[in-house]
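Colleague: here's my sequence, what's the structure:
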Amino acid sequence: MTNQHGHDDADKHEDFSDTPIIPGPDNPDPDGLFIAEVQGRNKRLRQLIQFTHSSTKAAAIMLLAAIVALVVANTPAHGPFLEFWHTQVSIGIGAFHGEMSFAHIINDIFMAVFFLLVGLEIKYEMTAGELTNIRQAILPILGALGGVLAPIAIYLAFNATHPEAFMGWGVPTATDIAFALGILSLLGSRVPNGVRVFLSTLAVADDIIAILVIAIFYGESPDLLWLGAAAIVFVALIVMNRMHVYSLVPYILVGCVLWFCVFSSGIHSTIAGVLLAFAIPSGSRVNLDNFFDWSNKRLRMANSFYEGDETPLVAQKDYITTVSSLSKISKQAVPPATRLEHKLYPWVYFLILPLFALTNADVAVTGLDFATVTSSPVVLGVFCGLVLGKPIGIMLFSFITVKTKIASLPEFVTWRHMLGASVLGGVGFTMAIFVANLAYADALLITEAKLSILVASTVAGVIGFVLLLLQAKADQRRGISYVAIVPDDGNVTHADAEMARDSEELVDQLGDEELAERVRAASEHAAAPGEIKVEIKGE
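Modeller: Okay, here's the model as predicted:
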């Protein structure tokens, strides 16, 4: 049978059963591609890559940074600590010159990079992920809407009559996707993948709402001249996209100009990161159907040109030219948005967000009147908004959505799973602290909000984890586990890759060859991530 591009469909499903195992930390080069001198380095590099792409470890590093900030804030070192972060740094080019503190560099420049990654993740979900299918996405989207409206209502119930605290209504609406998914990943395959998909899609939808809230409500009155300049730069980025400019360098350079224009306009500069993300191409420049034939020909040519070890490689010009052309085109086959996301992920989650936590989680509790603090409308509004408002809103809107048959629960997911995921939605941390810095003018209110965010996020994280763990224990007693099915093509998210590794470990522990073969076959032919419910019978 031949498809519309003239290729035999049988070629699309070639038997790769004899292919060596996928590279891993213990065996990074199963095909023996690299010379012996670099295999040890490659093993260490792959271990580092797996470490820096783990949501659990990212959440742990951010938590550690927050703990360090809290400890330092309540010691004599707090003064020098603050002085360091508020050290002014001269930044300027030519006539444009200004000063920014280290703290502002982190909050205004580094966090713009974080929002660039958020924008790329949102774009992925909208073009190839869970947000492409409205039937699948409607449940977490409406759940996210409920998880925003309910906390606002609860916060305003405490602060509607306090003008100085009123604008803090946006603080308890945010969900920290890194922390929430990091906590969830601790459960591995003991919870169905539908829980992770629901929570991650909900967090993405929550991020979209948070971005709109920041852009509309938490910026200064915009300077129309600079806003117009930002619009022109953004149009230029769109034109670059339409002209099929696929190098990342021009987008980054023009993106810096966009950041400066947005920053100068009075709108919070992090919005520039989101705009840049949506301008970067997410498609391939290469005709992939033709690429497969072309690359096979180039590989055969390279093989014919290769003269062996007896001739120095630098002298084998035909071989080098052929391999170089193959390498150049292969890089262009991967969408720029995908390449940038994979490059940014470790830097954002292992450097930028820990620095943000270190800079902004420094809550000094010494000297605070806890009786006054615990009765503060801001503290009560933020705490109750995150711990109560989030799960109430998410569960209520999800329940209505399912009962009205607008959507259904994900496969294998129960309402107990949904409750645990909804409570995890109350883990605000990074995003909530970020909004708090924008919402309040009074330093005491910022301190109260941060303290409430840290306590509420901890409480929500612990309760959500315990609820899901109890359900996992109940499933375990029934001999039920969940095995992820992830496409074996490398084009998956970091969370999907981590889920695949967890499932691989589970299958290995079970020692069931039939199940292992079933999982391998399903992964080779899967078009999208899926799952198998496994019932393990006791003796």
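
Colleague: tell me where the model's unsure across the protein.
Modeller: Low-confidence segments of the chain (pLDDT under 70): 1-53, 92-97, 130, 367, 479, 481-539.

Colleague: and for it, the residue most distant from the center?
Modeller: Using CA atoms, centre = their mean, the residue of the chain lying farthest from its centre is Glu310. It sits 48.6 Å away.

Colleague: secondary structure element holding Met100?
Modeller: For Met100, the element it lies in under DSSP states H and E is strand 96-101.

Colleague: actually, Thr321.
Modeller: According to DSSP H and E, Thr321 maps onto helix 317-333.

Colleague: and the helix or strand just after that helix, how far out from the chain's middle?
Modeller: Counting by DSSP H and E, the element after helix 317-333 in chain order, helix or strand, is helix 336-347. A distance of 10 Å separates the C-alpha centroid of helix 336-347 from that of its chain, computed with CA atoms, centre = their mean, to the nearest Å.

Colleague: cool, stretch 146-165 as well?
Modeller: Offset of stretch 146-165 from its chain centre (CA atoms, centre = their mean): 28 Å.

Colleague: can you list the buried residues in it?
Modeller: Neighbour counts over stretch 146-165 (16 or more other CB atoms under 10 Å) mark 146-152, 154-156, 158-159, 165 as buried. C-beta here means a position set from N, CA and C on the backbone, and glycine is covered the same way.

Colleague: count of neighbours near Lys403?
Modeller: Lys403 sits with 8 neighbouring residues when counted by other CB atoms under 10 Å.

Colleague: that one and Leu120, how far apart?
Modeller: Distance, Lys403 to Leu120, using CB to CB, to the nearest Å: 35 Å.

Colleague: ok, now how distant is Ala205 from Ile138?
Modeller: Counting by CB to CB, the gap from Ala205 to Ile138 is 10 Å.

Colleague: these two - which one has more neighbours?
Modeller: Ala205 (24 against 15).

Colleague: and the more buried one, what does it touch?
Modeller: Going by CB atoms under 8 Å, 6 or more residues apart in numbering, Ala205 touches 131, 137, 140-141, 143-145.

Colleague: without its sequence neighbours, what residue ends up closest to Glu81?
Modeller: If you look again at residue 81, you'll see it is Phe, not Glu. Leaving aside its chain neighbours, Phe81 sits nearest to Val72 (5.0 Å; criterion: CB to CB, 6 or more residues apart in numbering).

Colleague: which helices and strands sit right next to whichever helix in the chain runs longest?
Modeller: In the chain, ranked by residue count with DSSP state H as the criterion, the top helix is helix 443-477. Using 3 or more CB pairs under 8 Å, 6 or more residues apart in numbering; DSSP states H and E as the contact criterion, the elements in contact with helix 443-477 are helix 177-185, helix 377-384, helix 415-424, helix 429-439.

Colleague: need those in JSON lines with mean neighbour count and distance to Met301, can you?
Modeller: Converted to JSON lines, the helices and strands packed on helix 443-477 look like this (neighbours: other CB atoms under 10 Å; distance: least, CB to CB, whole Å):
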{"stretch": "helix 177-185", "mean neighbour count": "24", "distance to Met301": "45"}
{"stretch": "helix 377-384", "mean neighbour count": "24", "distance to Met301": "64"}
{"stretch": "helix 415-424", "mean neighbour count": "24", "distance to Met301": "53"}
{"stretch": "helix 429-439", "mean neighbour count": "25", "distance to Met301": "50"}
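
Colleague: I'd like those helices as JSON lines, with distance to Phe234 appended.
Modeller: JSON lines is the format used below for the helices and strands packed on helix 443-477 (distance: least, CB to CB, whole Å):
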{"stretch": "helix 177-185", "distance to Phe234": "25"}
{"stretch": "helix 377-384", "distance to Phe234": "34"}
{"stretch": "helix 415-424", "distance to Phe234": "35"}
{"stretch": "helix 429-439", "distance to Phe234": "22"}
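
Colleague: gap between the nearest residue to Gly266 once chain neighbours are set aside and Pro80?
Modeller: What sits nearest to Gly266 in space, not counting adjacent residues and going by CB to CB, 6+ apart, is Glu220, at 3.6 Å. Counting by CB to CB, the separation of Glu220 from Pro80 is 31 Å.

Colleague: picking that back up, right, so of the helices and strands packed on helix 443-477, which gets closest to Ile394?
Modeller: Ranking those by their distance to Ile394 (criterion: CB to CB) puts helix 415-424 first, at 3.9 Å.

Colleague: chain center to the closest one: distance?
Modeller: 20 Å.

Colleague: and it, what does it pack against?
Modeller: Using 3+ CB pairs under 8 Å, 6+ apart, the elements in contact with helix 415-424 are helix 177-185, helix 193-217, helix 390-403, helix 443-477.

Colleague: so which of those helices is the most packed in?
Modeller: Comparing these by mean neighbour count (mean count of other CB atoms under 10 Å), helix 177-185 ranks first with a mean of 24.

Colleague: what is that helix packed up against?
Modeller: helix 55-73, helix 193-217, helix 415-424, helix 429-439, helix 443-477, helix 494-510.

Colleague: possible to save these as TSV with distance to Thr175?
Modeller: Shown next, in TSV, are these (distance: least, CB to CB, whole Å):
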stretch	distance to Thr175
helix 55-73	13
helix 193-217	5
helix 415-424	8
helix 429-439	7
helix 443-477	10
helix 494-510	15
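
Colleague: nearest to Gln332, out of these?
Modeller: Of all these, helix 494-510 sits nearest to Gln332, with 22.7 Å by CB to CB.

Colleague: can you tell which of the helices and strands packed on helix 177-185 is closest to Phe292?
Modeller: Phe292 sits nearest to helix 494-510 of all the helices and strands packed on helix 177-185, at 23.7 Å, using CB to CB.

Colleague: check contacts around Thr366.
Modeller: The neighbourhood of Thr366, defined by CB under 8 Å, 6+ apart, consists of Asn74.

Colleague: what helix or strand does it sit in?
Modeller: Using DSSP H and E, Thr366 sits within no helix or strand.

Colleague: quick one: it and Ala73, what's the gap?
Modeller: According to CB to CB, Thr366 and Ala73 sit 8 Å apart.

Colleague: same deal with Leu467?
Modeller: Here Leu467 is placed at a distance of 31 Å from Ala73 (CB to CB).

Colleague: again, but for Lys297
Modeller: Distance from Lys297 to Ala73, by CB to CB: 63 Å.

Colleague: ok now stretch 245-259, how far from the chain's centre?
Modeller: Computed by CA atoms, centre = their mean, the chain-centroid distance of stretch 245-259 equals 21 Å.

Colleague: buried stuff in it?
Modeller: Buried residues in stretch 245-259, counted by 16+ other CB under 10 Å: 245-246, 248, 251, 254-255, 257-259.

Colleague: just those now: which is nearest Gln316?
Modeller: So of the buried residues of stretch 245-259, ranked by how close each gets to Gln316 (CB to CB), first place is Tyr246, at 29.3 Å.

Colleague: which residue, other than its chain neighbours, is closest to that closest one?
Modeller: Distances taken as CB to CB, 6+ apart place Arg285 nearest to Tyr246, at 4.5 Å, with adjacent residues excluded.

Colleague: try Trp226
Modeller: Going by CB to CB, 6+ apart, Trp226 has Ser265 as its nearest residue, at 3.8 Å.

Colleague: cool, and Ile154?
Modeller: Once flanking residues are discounted, Ile154 sits nearest to Gly389: 4.2 Å by CB to CB, 6+ apart.

Colleague: so the one you found sits right up against Ala153, yeah?
Modeller: Yes. Between Gly389 and Ala153 there is a contact at 7.1 Å, judged by CB atoms under 8 Å.

Colleague: tell me who's in contact with the nearest residue to Thr414 once chain neighbours are set aside.
Modeller: Distances taken as CB to CB, 6+ apart place Gln471 nearest to Thr414, at 7.2 Å, with adjacent residues excluded. With contacts defined as CB under 8 Å, 6+ apart, Gln471 is in contact with 191, 414, 416-417, 420.

Colleague: repeat for Leu117
Modeller: 273, 277, 341, 344-345, 348.

Colleague: just Gln476 next, same as before
Modeller: Here Gln476 is in contact with Arg190 (criterion: CB under 8 Å, 6+ apart).

Colleague: what's the closest non-adjacent residue to Gly393?
Modeller: Ala150 (2.9 Å).
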